[in-house]
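Asker: Sequence and computational prediction follow.
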Amino acid sequence: MNIAVLSGKGGTGKTFISTNLANTIPNSTYLDCDVEEPNGRIFFNAKDEMKTETVYRMIPSIDKDKCNGCRACTEFCQFSALAFFGDSPMLFPEVCHSCGGCEKVCPTGAITEVKSSVGIVEVNKVADLKIVSGLLNIGEASSIPVINRVLSEIENTSIIDCPPGSACSTMESIKKADYCVLVTEPTIFGLHNLKMIVELVQLFKIPFGFVINKVEDPNNTMIEDYVKTLGKEVLIKVPFTKEIANKVASGMLISDSDSDLRDLFKSLLNKITEEIS
Amino acid sequence: MKKILVLSGKGGTGKTTITSALIDLMDIQAFADCDIDAPNLHLIEAPKKIAKKEPFYGMDIAKIDPEKCIGCGKCYDSCRFDSIKKEDGKCSVDELACEGCFVCELVCPQDAISHVKNIVGTTQVFKDEKVFSTAILNMGSGNSGKLVSEVKKNLYENTDKQPLAIIDGSPGIGCPVIASLSGIDLAVLVTEPTLSGLSDLRRIVDTSRTFKTPVAIIINKYDLNEEIADEIRRYSESENIPYLGNIPYDKEVSKAINNNISLSKVDCEASRAIIKIKSRIDELL
């Protein structure tokens, strides 16, 4: 079973929920798909790196001696990643989508695809938990190849910690999910972005449920009210206290030290399992 | 016109809250929301009058004519984005995955594939004495640096004598952030005193510097963990990054937001801290 955790708005507690959920499930896999800003590994104290692997994508390399200047490649490229300077094309790798089209249209074989590093994937093991983190290189625009490499490590019960937002990298991160946990906070910002990702997971036809994090004011029911309009109920609510915030800030897994919260995360898995079956 | 961009690396550190407060405190007449796949600035700061509303087209999307398709699978084999499905001897396109590269059309021996226009969102410009540029993304379309650049272009095209503009950015360090960085005079980086916040701050500092944008740091909710707040201050010193100040955790912040008002309209500890930060930004500019 693959459970994706996403939120729309950033900072609502995706990594907090994902790491603690994985921590309460025996033999599970935690996958950090927020490869632009991965933080899950901070909480697992995974010192013994099992393996680190470079992730590559393919980009064109141009042999100027073979190029006859026909411009078929620059005309074909939909992303304006190739432009003619003088009598041969030049590549702008940051906008290249690695589609391979330029190599196919080149009539003289002047273009070959070569590997270009985009990031790394780390796979660690702490006790019975497998921890996978992707890390995008600084300055690299597309995180998709790194996310795909992270997802190739899916095993047993997998918790997929997704990037914020509702765009390409989030869509890529949920494509193997059997269930989506939507984490939000009780603010109008959280609610607005929550509605966007509800629409997104409905498009992907993935079952979903809600977690409200950072609950301070019991009279603030804006999220519950919205969830009710969908004919659903909130899975769990996690309180905000300065004490919890302080511990999480310093990289503690709260489910290790707080038995009430540990039970709460266990109940989250039970509710999800019930909903899927 | 000087341009400030508000970024953070980590999401939820307070970019939009601080942007909206600065708009009021610095009397900024031109602003944009470039966090297109999770926008919120319009909930606090938006001129009512809409000046421009236009569909935004993404890459054209592949379409396979089932009458002509013989199911040879050449498109399936060539697609790098897993966007071709092969079922019952016919190929079809997964529109959510297609990136519009045209390779499938190139390799199809039956001429069965064409590409169709694809609206990914709507750009909007609001204008009275203030100008606000934003966009609504269609869910499932993905986002692109192109749409971020369009929102910025719309802002600049609709302003003339305004001395200052502020742009609310996206979390992360990828495509939308890189597109938002071009032409910016100062990137204000909002962080929080958590190990995650610090780790993400380092990555957004490195990213901003790759694109040669000057940066400055604000620590929001600094009192949630003062040890890490100190560590962040030491980091900014060691990297010679201007430190703009810190803002305490304050329950009044979410109350103001939930009433759709800018924090600058409330007198509280957090808003007083932002007033101090405002004068430091003035000095830096």
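Answerer: Sure, I can see it. Numbering: from 1, shown residues only, chains lettered A, B, ... in the order given.
Asker: Do a quick rundown of the helices in the stretch 101-250 of chain A.
Answerer: Assigned by DSSP state H, counting those that start in this stretch, the stretch 101-250 of chain A shows helices spanning A:101-105, A:144-151, A:168-173, A:188-203, A:222-229, A:242-249.
Asker: and those helices as TSV, adding mean neighbour count, mean pLDDT and distance to chain B?
Answerer: All C-beta atoms are positioned from the backbone trio N, CA, C, and that covers glycine. Shown next, in TSV, are those (neighbours: other CB atoms under 10 Å in any protein chain shown; pLDDT from 0 to 100; distance: least, CB to the nearest CB, whole Å):
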stretch	mean neighbour count	mean pLDDT	distance to chain B
helix A:101-105	21	98	5
helix A:144-151	24	97	8
helix A:168-173	26	96	4
helix A:188-203	21	97	4
helix A:222-229	15	98	8
helix A:242-249	17	94	4
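Asker: B:Ala216 is nearest to which of those helices?
Answerer: Distance to B:Ala216, taken as CB to CB, is lowest for helix A:242-249 among the helices of the stretch 101-250 of chain A, at 22.3 Å.
Asker: Keeping just the C-alphas, turn that closest one into PDB.
Answerer: Taking Å, rounded to 0.1, in the frame of the first residue of the first chain, the C-alpha atoms of helix A:242-249 are listed here in PDB:
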ATOM      1  CA  LYS A 242       4.900  25.300  21.700                       C
ATOM      2  CA  GLU A 243       6.400  22.200  23.300                       C
ATOM      3  CA  ILE A 244       5.600  20.000  20.300                       C
ATOM      4  CA  ALA A 245       6.800  22.700  17.900                       C
ATOM      5  CA  ASN A 246      10.100  23.100  19.800                       C
ATOM      6  CA  LYS A 247      10.800  19.300  19.700                       C
ATOM      7  CA  VAL A 248      10.000  19.000  16.000                       C
ATOM      8  CA  ALA A 249      12.200  22.000  15.300                       C
END
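Asker: so what secondary structure elements neighbour it?
Answerer: Counting contacts by 3 or more CB pairs under 8 Å, 6 or more residues apart in numbering or on different chains; DSSP states H and E, helix A:242-249 packs against helix A:254-257.
Asker: buried ones in the helix it packs on?
Answerer: Along helix A:254-257, these residues count as buried under the neighbour rule (16 or more other CB atoms under 10 Å in any protein chain shown): A:Ile254, A:Ser255.
Asker: name the helices or strands packed onto that helix?
Answerer: Helix A:254-257 packs on helix A:14-23, helix A:242-249, helix A:259-276, going by 3+ CB pairs under 8 Å, 6+ apart.
Asker: Could you rerun that using 10 Å?
Answerer: helix A:14-23, helix A:40-44, helix A:242-249, helix A:259-276 (3 or more CB pairs under 10 Å, 6 or more residues apart in numbering or on different chains; DSSP states H and E).
Asker: highest average neighbour count across the ones you listed?
Answerer: helix A:14-23 (a mean of 26; mean count of other CB atoms under 10 Å in any protein chain shown).
Asker: what's the offset of the helix or strand that it is followed by from the middle of its chain?
Answerer: Going down the chain from helix A:14-23, the next helix or strand is strand A:29-32, by DSSP states H and E. Distance of strand A:29-32 from the chain centroid (CA atoms, centre = their mean, to the nearest Å) equals 10 Å.
Asker: out of the helices and strands packed on helix A:254-257, nearest to A:Lys51?
Answerer: helix A:40-44 (13.7 Å).
Asker: Let me see the domain layout of the chain.
Answerer: I went with chain A, as the question did not name one. The record's domain parsing of chain A by automatic domain parsing lists A:2-55+A:120-276, A:64-109.
Asker: Not quite, go with chain B.
Answerer: Domain ranges of chain B: B:2-57+B:121-284, B:61-116, per automatic domain parsing.
Asker: Quote the end-to-end distance of the first one.
Answerer: For domain B:2-57+B:121-284, the separation between the terminal residues is 11 Å (CA to CA, to the nearest Å).
Asker: cool, the shortest one as well?
Answerer: In terms of CA to CA, the two terminal residues of domain B:61-116 are separated by 5 Å.
Asker: re earlier: adding distance to A:Ile120, mean neighbour count and mean pLDDT as columns, could you present the domains of chain B in JSON lines?
Answerer: As requested, those are arranged in JSON lines below (distance: least, CB to CB, whole Å; neighbours: other CB atoms under 10 Å in any protein chain shown; pLDDT from 0 to 100):
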{"stretch": "domain B:2-57+B:121-284", "distance to A:Ile120": "13", "mean neighbour count": "20", "mean pLDDT": "96"}
{"stretch": "domain B:61-116", "distance to A:Ile120": "21", "mean neighbour count": "17", "mean pLDDT": "96"}
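Asker: Would you format the helices and strands packed on helix A:254-257 as a markdown table with distance to B:Ala165 included?
Answerer: Shown next, in a markdown table, are the helices and strands packed on helix A:254-257 (distance: least, CB to CB, whole Å):
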| stretch | distance to B:Ala165 |
| --- | --- |
| helix A:14-23 | 31 |
| helix A:40-44 | 35 |
| helix A:242-249 | 33 |
| helix A:259-276 | 43 |
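Asker: Tell me which of those helices lies nearest to A:Ile206.
Answerer: From the helices and strands packed on helix A:254-257, taking CB to CB, the stretch that ends up closest is helix A:259-276, at 10.6 Å.
Asker: Which other helices and strands does the closest one contact?
Answerer: strand A:2-6, helix A:14-23, strand A:179-184, strand A:208-215, strand A:234-239, helix A:254-257.
Asker: Show me what it is in contact with.
Answerer: Applying CB atoms under 10 Å, 6 or more residues apart in numbering or on different chains, the contact partners of helix A:259-276 are A:1, A:3, A:17, A:19-25, A:28, A:157, A:159, A:178-181, A:207-209, A:211, A:232-239, A:244, A:253-256, A:258.
Asker: let's see it at 8 Å
Answerer: A:1, A:3, A:17, A:20-21, A:23-25, A:178-179, A:181, A:207, A:209, A:211, A:235-236, A:238, A:244, A:254-256 (CB atoms under 8 Å, 6 or more residues apart in numbering or on different chains).
Asker: didn't A:Val227 look like it was pressed against A:Val211?
Answerer: No - at 10.5 Å, A:Val227 does not count as touching A:Val211 under the criterion of CB atoms under 8 Å.
Asker: Any stretches of the stretch 1-150 of chain A with poor pLDDT?
Answerer: Applying pLDDT under 70 to the stretch 1-150 of chain A flags residues A:47-49.
Asker: ok, back up a step: and the helices of the stretch 101-250 of chain A: which comes nearest B:Gly58?
Answerer: Set against B:Gly58 and scored by CB to CB, the helices of the stretch 101-250 of chain A come closest in helix A:168-173, at 10.7 Å.
Asker: Could you show which parts of the stretch 51-200 of chain A are in contact with chain B?
Answerer: Residues of the stretch 51-200 of chain A lying near chain B by CB under 8 Å from any CB of the partner chain: A:76, A:78-79, A:94, A:97-101, A:104-105, A:136, A:138-143, A:163-171, A:185-189, A:192-193, A:196-197, A:199-200.
Asker: end-to-end on stretch B:124-143?
Answerer: One end of stretch B:124-143 to the other measures 16 Å (CA to CA).
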